[in-house]
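Colleague: okay, here's the prediction I keep looking at, along with the sequence it came from:
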Amino acid sequence: MVQLGQLKEQLQAATDYTTNTEIATLMSALNMAYYDLAGSASWVALRRKIALVSIPTGGYWLPGNLAGIDRIWDADGNDYPIRELGNTFNESDARYRAVISEVCREPLVYQRGVSIDSGTKALAFDPAISQATIGEYIAFGKQLGCYYVETADTLELTYYGPTINNEFFQIRPIGTKKLKLIDYNGDDLAATVNIAYWQYPPPLYADHEIIQLPTTEALFYKTLMRLNQFKRNEGRAKNLQNDYAVAYSDMLARNPAYEVFNVPAFRTGEEMTWGR
């Protein structure tokens, strides 16, 4: 897999960006492009699983960095097909047993007072916060992405962004989704299930960080498109879009499909399917 520093060198060569201001602009475009691509498909390096979590009737807040859901199923292999908020519900349709019932519009906590040094995991809150943070996700200021809070004052992964001092932060950031399960009558259901999903990665800062995509060509072209390098040259801009489309198709082809090993079946052994 490719490190950030390698891709950044290629982008600097393509753009002639050398000053600190130019490189900051390049990195902003790169991370925005990275997030666009991360959310566009279930990439194997970004797949995660929450095993046998109890979903109460009131719902369950999904990870703050969730990009999409591949599958929800119980210990017996019964699937809970997914629908998004706002879709019509048909009580007789077995598809609609897992719903995104709510999208967070108000963080659990939003205030100034978090600090963290680059290259560390240790959080400092001043003033202290009373809400439980373990198992929640935190977002810093205007930065992309969010980070899992492993203990009351420690991140799960090392933070490589710029050192933060007394910055605004969100616990359970805006946009976090709540999952509910429903039964065939359309009533809320409590159950224990597995959730297979893929996540948005943390933003890229340090040259040694690995880009968690099957290839980086699409990210290279997507970044150049975001920088709008060739807005005055229609021919080159069109070529760039074509190059991006080819690179994205190649990246999809190299990405293993999410596999379901225990396909739901009827008692006869016939595979169970749903259709419109």
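Modeller: That came in fine, so what should we check first?

Colleague: from now on I want contacts and neighbour counts done on CA atoms only, so please keep to that.
Modeller: Fine.

Colleague: looking at this protein, which helix is longest?
Modeller: helix 234-254 (DSSP state H).

Colleague: tell me the buried residues in it?
Modeller: Going by neighbour count (16 or more other Cα atoms under 10 Å), the buried part of helix 234-254 is 237, 240, 243-244, 247-248, 251-252.

Colleague: give me the helices and strands touching it, please.
Modeller: helix 217-227 (3 or more Cα pairs under 8 Å, 6 or more residues apart in numbering; DSSP states H and E).

Colleague: just checking, what packs against the helix it packs on?
Modeller: Packed next to helix 217-227, using 3+ Cα pairs under 8 Å, 6+ apart, are helix 4-15, helix 20-38, helix 234-254.

Colleague: could I get the next helix or strand after the second one in CSV with only the CA atoms?
Modeller: Scanning the chain past helix 20-38 towards its C-terminal end, the next helix or strand to appear is strand 47-55 (assignment: DSSP states H and E). Extracted in CSV, the C-alpha atoms of strand 47-55 (Å, rounded to 0.1, in the frame of the first residue of the first chain):
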residue,chain,number,x,y,z
ARG,A,47,-14.3,-2.6,6.6
ARG,A,48,-15.1,-3.2,10.3
LYS,A,49,-17.5,-5.3,12.3
ILE,A,50,-19.4,-4.8,15.5
ALA,A,51,-20.1,-8.3,16.9
LEU,A,52,-23.3,-9.2,18.7
VAL,A,53,-24.3,-5.8,19.9
SER,A,54,-27.7,-5.4,21.7
ILE,A,55,-30.0,-3.0,19.9
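
Colleague: can you list the strands that strand 47-55 pairs with?
Modeller: strand 191-199 (antiparallel) (DSSP bridges).

Colleague: and the strand it pairs with with helix 20-38, angle?
Modeller: 140 degrees (axes from the mean of the first three to the mean of the last three Cα atoms, to 10 degrees).

Colleague: if we can go back for a sec, nearest to Ser101 among the helices and strands packed on helix 217-227 would be which one?
Modeller: Closest approach to Ser101 among the helices and strands packed on helix 217-227 (Cα to Cα): helix 20-38, 23.2 Å.

Colleague: compute the inter-axis angle for that closest one and helix 4-15.
Modeller: Helix 20-38 and helix 4-15 are oriented at 110 degrees to each other (the same axes, to 10 degrees).
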